[in-house]
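1. fold the following, please.
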Amino acid sequence: MNRRSKPELNHLPRPHRFPGTQNSARRNPLRTALGATFAAGLALTASGCRQSQQTVFFERADVSLDLPHELATRASGPQGDMYQLVRATAIDVNDFVTDLVEGMATIVEYLDEQPPTHENGDWRIYGPFDDDNDRDLAWAIKIQGDETRTEFVVLAATRGTADLDDFSALLNGELRIDGESREGGINLHFDIFEELPQAKDPNDQAKTFGGTVAVSFDRNIDTGAKNIEIDFQDFQVIDESFLEGDSFYSDDKYQFGRNPDGSGRFHLALWGEFDDNGWSGEATERMQLDAIWDGNRAGRARGRIEEVDGSGDLKHGDLEISECFDADGSLTWRTINEAYASELPDYPFGDPTSCVYADSDL
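-> Numbering: from 1, shown residues only. Next up, the predicted model:
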C-alpha cells in the first residue's frame, strides 16, 4: 500500500475554539471550575478528633476515555487528521476530568479524617469557611453515603455567609457501587461564576460563563466495559478580552463506549467558530466527530462541520472528511467531500477496501 506523506490539512477550518481540544494555546475555561473546587478544599481546614469515614469515591479509571491514542508512537505510516483530532480531544478531556476526579478524591479523603462542622440527617457538612486567599468568598462541602454510595455537593457564597440556604452549588455528584459495577456522575454548574464572579480564575475575568457540564459514567471492573458521557447543557463561554474575543456555545455532548474485547466508539458534537484559515467567517457551525474501532484498534473516523438552521458561513458549504486506520493507527484510506476536494486534489488517499467498518457503522 502507498505510504506516501499526506498533504497537510492546513488550509481547512480547524475545530480549536471549543473546550476539550489541544489545538489551541488558549487556556481551557473548564479549568475555572477545577480551580474553584480546589480552592474550596483548601479553605476547609477543619480540626478535631479523627473519625475516618473512608467514603467511597471516584477513581481515575471511572471517567478516563480509553481511546487508541497510545498507538501514536507505533504508527508505521501517516496518521489521519480525524484520528489525530480524536486522540488530542480525548487526551485533553481526560486531563481535565481526571484532574477533577482526583482532586475531589483528595479533598474527600482529607475530610473523612475530620469531624464535620455539623450534621443534617445523613449529611456531613464542612463549613461554611471563608476563602483562604481573602477573596470575597465562602465555601462549604456536604457529603453523605456508605460503602456502596456517596453523594457530595461543593457550595459557594459571598464571604461571611453563614446560612447554607444562601449558598449556590458549584459542583455536585454521586457514586454508586454494586459488586464490580460502578456508576455515577459529576455536574459542574457554570452559572455560579456570573453570580459570584470573584470565584473566577484571574485569567478568566473577561469571560462570561453559563450552563452546566454533566459527566456521567458506568463501568464494570471485571469485564472492562465502560460508558462515559460529557453533556454540555446550554453551556457557553463568551470571551470579551481585547486580544482573544471569542464565543463558544454547546448543547451537545461527548460520548464514549468501550466493550470487553477492547472495541469501542467515540462521538463529539459541538458548536464553534472555524475562521482561522479563511475557509469560514465569524458565524458558528456545528462540528461532529465520530470514531469506531475493533478489538485490535483498527477502525474508522469521520469529521463534519455543518451549517445548521441557517447558521454558518463555510467557504464551500458543509465539510466532511472520512478516513480509516489500521491496528497501529496508520492511515489506510481517506476522502474529502467534492466541494473541498477540488481545492485539495492530493488529499484523497489509499484504498477504501482497507476499512474494517463502513460509514453506516458510525
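
2. Three-state assignment for T98, please.
-> helix (DSSP: H, G, I helix; E, B strand; the rest coil).

3. distance of it from L65?
-> Using C-beta to C-beta, to the nearest Å, we find T98 at a distance of 10 Å from L65. All C-beta atoms are positioned from the backbone trio N, CA, C, and that covers glycine.

4. quick one, which of the two is more surrounded?
-> More crowded of T98 and L65, by other C-beta atoms under 10 Å: L65, with 24 against 18.

5. and the more buried one, how far is that from E109?
-> Counting by C-beta to C-beta, the separation of L65 from E109 is 24 Å.

6. got it, and E59?
-> According to C-beta to C-beta, E59 and E109 sit 12 Å apart.

7. between the two, which has more neighbouring residues?
-> For E59 versus E109, neighbours defined as other C-beta under 10 Å are more numerous around E59 (16 against 13).

8. so how far is D166 from the nearest residue to Q205 once chain neighbours are set aside?
-> In space, not counting the residues next to it along the chain, Q205 is nearest to P197; the distance is 7.4 Å by C-beta to C-beta, 6 or more residues apart in numbering. Separation of P197 from D166 (C-beta to C-beta): 17 Å.

9. next: H316.
-> Between H316 and D166 the distance, using C-beta to C-beta, works out to 54 Å.

10. which one of these two is surrounded by more residues?
-> Comparing H316 with D166 by other C-beta under 10 Å, the one with more neighbours is H316, at 15 against 12.

11. wait, doesn't the more buried one sit right on Y340?
-> Yes. Counting by C-beta atoms under 8 Å, H316 sits close enough to Y340 to count as a contact (5.7 Å).

12. residues in contact with the nearest residue to T284 once chain neighbours are set aside?
-> The shortest distance from T284 to any residue that is not its chain neighbour, by C-beta to C-beta, 6+ apart, is 5.1 Å, and that residue is W271. With contacts taken as C-beta atoms under 8 Å, 6 or more residues apart in numbering, W271 has the following neighbours: F18, F248, Y249, S250, D251, D252, T284, E285, R286, M287.

13. surely D62 is in a strand?
-> No. Assigned with three-state DSSP, D62 falls outside any strand and is helix.

14. show me what contacts it?
-> Taking C-beta under 8 Å, 6+ apart as the criterion, D62 is in contact with V101, L175, R182, G184, F217, R219.

15. restricted to strands, list the residues you listed.
-> With strands defined by DSSP state E, the entries of those inside them are L175, R182, G184, F217, R219.

16. tell me the spacing between the one residue sitting closest to the centre of the chain and D359.
-> Nearest to the centroid of the C-alpha atoms of the chain, with distances taken as C-alpha atoms, centre = their mean, sits V93, at 3.9 Å. Distance check for V93 against D359: by C-beta to C-beta, it reads 25 Å.

17. ditto for V56
-> Using C-beta to C-beta, which is the criterion applied here, V56 is 42 Å from D359.

18. could you do S64 as well?
-> Between S64 and D359 the distance is 28 Å, computed by C-beta to C-beta.

19. next, the residue nearest to Q205: phi, psi?
-> Here is the backbone geometry of P197 (degrees, to the nearest 10): phi -60, psi -20.

20. how close does the residue lying closest to S330 once chain neighbours are set aside sit to F325?
-> Residue nearest to S330 in three dimensions, not counting chain neighbours: G77, with 3.7 Å by C-beta to C-beta, 6+ apart. Look at G77 and F325: by C-beta to C-beta, they are 9 Å apart.

21. please say which of the two ends up with more neighbours.
-> A count of neighbours by other C-beta under 10 Å puts F325 above the other of G77 and F325, at 30 against 18.

22. so which strand or helix has the closest residue to the more buried one other than its chain neighbours?
-> Once flanking residues are discounted, F325 sits nearest to Y83: 5.2 Å by C-beta to C-beta, 6+ apart. Here Y83 sits within helix 81-112, counting by DSSP states H and E.

23. which positions within that helix qualify as buried?
-> Of the residues in helix 81-112, those buried by neighbour count under the rule 16 or more other C-beta atoms under 10 Å are 81-94, 96-101, 104, 107-108, 111-112.

24. and what of stretch 344-362?
-> Neighbour-count burial for stretch 344-362, counted by 16+ other C-beta under 10 Å, picks out Y347, F349, G350, C355, V356, Y357, L362.

25. L331 is in contact with the third one, correct?
-> If I follow you right, that is G350. Yes. Look at G350 against L331 with C-beta under 8 Å: they come within range, at 6.7 Å.

26. now do the shared contacts for these two.
-> Shared contacts of G350 and L331 (C-beta under 8 Å, 6+ apart): C324.

27. got any ranges where the stretch 101-250 of the chain has weak pLDDT?
-> Scanning the stretch 101-250 of the chain for pLDDT under 70 picks out 242-247.

28. hmm, try it at 50
-> Judged by pLDDT under 50, the stretch 101-250 of the chain has no weakly predicted residues.

29. in it, mark out all the helices, start to finish.
-> Using DSSP state H, counting those that start in this stretch, the helices found in the stretch 101-250 of the chain span residues 192-195.

30. can you map out the strands along it?
-> The residue ranges that make up the strands of the stretch 101-250 of the chain, judged by DSSP state E, counting those that start in this stretch, are 118-120, 123-130, 138-146, 149-157, 168-178, 181-189, 207-220, 226-239, 246-250.
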